[in-house]
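J.: from the sequence below, what's the structure:
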Amino acid sequence: MRVLLTTRGSSGHVMPLAPFGQACVRAGHDVLVAAQWRFEENVARTGLPFTPLGAPRDEDWMPLLPEFAALRLDEGHERMVAEFFGELDTRAMLPGLRRLADGWRPDLIVRESWEYGSTIVAEERGVPLARVGLGVAGVEAMSERAAVPAVDRARAAAGLPADPGGERLRAAPYLTAMPEALEDPEVPLPPRTLRFRVADVPEPAPAGEPLVYVSFGSVTAGVHLPFYPALYRAAIEALAPLAARFLLTVGEARDHGELGPLPGNVQVERWVPQDEVLARAAAVVTHGGHGSTLGALAHGVPQVVLPLFSVDQWFNAAALARAGAGVALGAAERHTRRAIDLPSEATLAALRPAVEHVLADPGPRRAAARIAAEVRALPPVDDAPAALEAIARAS
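T.: Numbering: from 1, shown residues only. Alright, predicted model coming up:
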C-alpha cells in the first residue's frame with residue numbers, strides 16, 4: 001500500500017503524524033511525507049521520505065503575524081487557522097498535492113488535522129483519507145469550525161459540493177495518541193476515533209535527587225517570538241532556589257549567554273532525547289505543547305503547564321488539571337492575554353510553588369501514573385497500519 005502523509009511541515013505538526021508513518025514503513029508499506037519545502041529538516045528528523053510542496057510566499061504570510069499576535073488568544077487562533085492554514089497553506093500546497101495524487105497514486109492519504117488541501121485532493125481523485133489529531137478533541141473542533149469557510153471556498157474553486165457545516169471535513173477516521181482521560185467529557189469525540197500508543201515507555205529510573213525537565217517547546221525561543229531570553233530567565237530565577245536539578249531546553253540556536261550566569265543546579269541544552277529524560281524526571285514544566293504534554297503523561301510524570309502563545313496549550317493545560325495530573329498556571333489569562341504577551345508577574349510568581357506542589361504532593365504523580373497506565377493499555381502504533389489498510393479497503 002502507498003501511504004501519503006500530508007502536513008504543513010512545522011515541527012508540532014510533523015511529530016504527531018510521524019509515528020503512524022514509521023509504523024507503516026515497519027509494516028512494509030511505501031510511505032511518503034509531503035510538506036512545504038521550507039520544512040524538509042523537520043521531516044528528515046523522522047527518518048521518513050520527503051517530497052516538497054509549495055509554501056506561501058513570505059510577503060503573503062509575514063504581514064499577518066503581527067496582526068494575529070495582537071489579538072486575544074481565541075480570536076488569534078481562529079484567524080490563524082482560517083487565514084493561514086485554511087487559506088494560504090491550502091492554496092500553496094494544492095498544486096503539488098494534485099501532482100502527487102496523479103503521479104505517485106497513493107492508496108491512502110493520512111493528513112495532520114490542520115492540513116486541509118489533502119481533503120480536497122482526496123475527494124477529487126477518490127483517494128481514501130484519514131487524519132491524525134494534533135491535540136484534544138476540543139482543539140480539533142474549534143479549529144475545524146474556524147477552517148470551514150476557507151476550505152469551502154477552495155472546494156467551490158475545485159468544483160466540489162459545498163460543505164458549509166464541515167461534515168465532510170469531520171468524516172474521515174480520526175487517529176490520536178491522546179488518552180481518553182484528557183478529553184473533555186462535554187466535547188463530542190470525532191467520528192471513528194482510533195487511539196494508539198505511539199511509544200513504548202520504559203520503567204522509571206531509581207529515584208535520586210529530583211530532576212525537573214523544563215521545556216517550552218521547539219519554537220518558543222525563536223526570533224519571531226518575544227519569549228527568549230526573558231521567559232527562560234524568569235523560569236530559572238524562580239526555580240533555581242528549589243532543592244532539585246533542572247534541565248532546560250531551548251530548541252533553537254540561540255546564545256545561551258543571554259540567559260546570564262547559570263546556577264549550579266541548572267543545565268541548558270538545545271535538544272535532548274526527551275524519552276530518556278522523562279524516564280528520570282520527577283516533574284516537568286512545559287508550555288502545554290502536544291509532544292511534551294503527552295510524553296510526560298506517558299511516563300507518568302506530573303506537570304506544571306504554563307501556556308504561552310497558542311490556544312491548544314490552554315486546552316492541554318485544562319485537560320491536565322481536570323485529570324489531576326498537575327497544575328495549570330494562568331488559566332484566566334486565556335481570555336485576556338495576547339499571543340505576544342509574556343505571562344503576568346502573578347502567573348510567573350506561581351511557578352515555584354506549583355513545582356514544589358507536584359514534587360511534594362503524591363496526588364499529581366498518582367494521577368499521572370493512572371494516565372500512563374491508560375496509555376500503556378492502548379493498542380500500539382504498530383497496530384495502526386492494519387486499521388489504515390481497512391480504511392483504504394472500505395472507501
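
J.: is it true that residue 116 touches residue 88?
T.: No - the criterion here is CB atoms under 8 Å, and residue 116 misses it with residue 88 at 10.9 Å. C-betas here are computed from N, CA, C, even on glycine.

J.: burial measure for residue 331, as a count.
T.: 15 (other CB atoms under 10 Å).

J.: er, residue 116 actually
T.: Applying other CB under 10 Å, we find 27 other residues in the vicinity of residue 116.

J.: what do you get for residue 276?
T.: Residue 276: 11 surrounding residues under other CB under 10 Å.

J.: any idea how far it lies from residue 96?
T.: Taking CB to CB, to the nearest Å as the criterion, residue 276 is separated from residue 96 by 37 Å.

J.: what's the answer for residue 354, then?
T.: Noted for residue 354: a distance of 45 Å to residue 96, by CB to CB.

J.: ranges for the helices of the stretch 51-200 of the chain?
T.: Along the stretch 51-200 of the chain, the segments classed as helices by DSSP state H, counting those that start in this stretch run 58-61, 64-69, 73-79, 90-103, 117-125, 137-157, 167-171.

J.: nearest to residue 286, of those helices?
T.: helix 137-157 (16.0 Å; CB to CB).

J.: and the closest one with helix 117-125, angle?
T.: 50 degrees (axes from the mean of the first three to the mean of the last three CA atoms, to 10 degrees).

J.: flag every buried residue along helix 137-157.
T.: 137-144, 146-148, 150-152, 154-155 (16 or more other CB atoms under 10 Å).

J.: and those residues, which is closest to residue 200?
T.: Using CB to CB, the buried residues of helix 137-157 come closest to residue 200 at residue 137, 24.9 Å.

J.: any idea which helix or strand in this structure has the lowest mean pLDDT?
T.: helix 64-69 (a mean of 81; mean pLDDT, DSSP states H and E).

J.: and it, what does it pack against?
T.: helix 73-79 (3 or more CB pairs under 8 Å, 6 or more residues apart in numbering; DSSP states H and E).

J.: contact partners for residue 340?
T.: By CB atoms under 8 Å, 6 or more residues apart in numbering, the contact list for residue 340 reads 69-70, 225-226, 309.

J.: can you tell me which of those residues has the most neighbours?
T.: Of the contacts of residue 340, with other CB under 10 Å as the count, residue 309 tops at 22 neighbours.

J.: next, give phi and psi for the nearest residue to it once chain neighbours are set aside.
T.: Spatially, and ignoring its direct neighbours in sequence, residue 309 is nearest to residue 339 (4.4 Å; CB to CB, 6 or more residues apart in numbering). The phi/psi pair for residue 339 (degrees, to the nearest 10) reads phi -60, psi -20.

J.: what's the neighbour count on residue 339?
T.: Neighbours of residue 339 using other CB under 10 Å come to 21.

J.: again with residue 298
T.: A count of nearby residues for residue 298, using other CB under 10 Å, gives 24.

J.: distance-wise, check it relative to residue 373.
T.: 10 Å.

J.: ditto for residue 332
T.: Per CB to CB, residue 332 is found 32 Å from residue 373.

J.: and for residue 250?
T.: Distance, residue 250 to residue 373, by CB to CB: 32 Å.

J.: which of the two has more neighbours?
T.: Legend: neighbour count by other CB under 10 Å for residue 250 and residue 373, higher for residue 250 (25 against 12).

J.: so what's the predicted local confidence for the more buried one?
T.: pLDDT recorded at residue 250 is 90.

J.: identify the residue spatially nearest to it, adjacent ones excluded.
T.: Nearest to residue 250 is residue 221, by CB to CB, 6+ apart, at 4.4 Å.

J.: from residue 285, how far out is that neighbour?
T.: Here the distance between residue 221 and residue 285 works out to 15 Å (CB to CB).

J.: so those two - more neighbours on which side?
T.: Taking neighbours as other CB under 10 Å, residue 221 and residue 285 compare with residue 285 leading, 27 against 21.

J.: ok, the more buried one touching residue 306?
T.: Yes - counting by CB under 8 Å, residue 285 touches residue 306, with 6.8 Å between them.

J.: the strands in the stretch 201-350 of the chain, which residues?
T.: With DSSP state E, counting those that start in this stretch as the criterion, the stretch 201-350 of the chain has strands at 211-215, 245-249, 266-269, 283-286, 303-305, 326-328.

J.: and these, which is most packed in?
T.: strand 303-305 (a mean of 29; mean count of other CB atoms under 10 Å).

J.: that one packs against which elements?
T.: Against strand 303-305 (3+ CB pairs under 8 Å, 6+ apart) you get strand 283-286, helix 290-298, helix 311-323, strand 326-328, helix 351-360.

J.: at 7 Å what do you get?
T.: Helices and strands touching strand 303-305, by 3 or more CB pairs under 7 Å, 6 or more residues apart in numbering; DSSP states H and E, are strand 283-286, helix 311-323, strand 326-328, helix 351-360.

J.: give the next helix or strand downstream of the last one.
T.: Toward the C-terminus, helix 351-360 is succeeded by helix 362-377 as the next helix or strand (DSSP states H and E).

J.: quick one: buried residues of that next one?
T.: Those would be 364-365, 367-372, 374-375, for helix 362-377 by 16+ other CB under 10 Å.

J.: same list, the residues you listed, but as JSON lines with pLDDT and distance to residue 63 please.
T.: Compiled in JSON lines, those are given as follows (pLDDT from 0 to 100; distance: CB to CB, whole Å):
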{"residue": "364", "pLDDT": "97", "distance to residue 63": "43"}
{"residue": "365", "pLDDT": "96", "distance to residue 63": "46"}
{"residue": "367", "pLDDT": "97", "distance to residue 63": "44"}
{"residue": "368", "pLDDT": "96", "distance to residue 63": "42"}
{"residue": "369", "pLDDT": "95", "distance to residue 63": "47"}
{"residue": "370", "pLDDT": "96", "distance to residue 63": "47"}
{"residue": "371", "pLDDT": "96", "distance to residue 63": "42"}
{"residue": "372", "pLDDT": "94", "distance to residue 63": "44"}
{"residue": "374", "pLDDT": "95", "distance to residue 63": "44"}
{"residue": "375", "pLDDT": "94", "distance to residue 63": "42"}
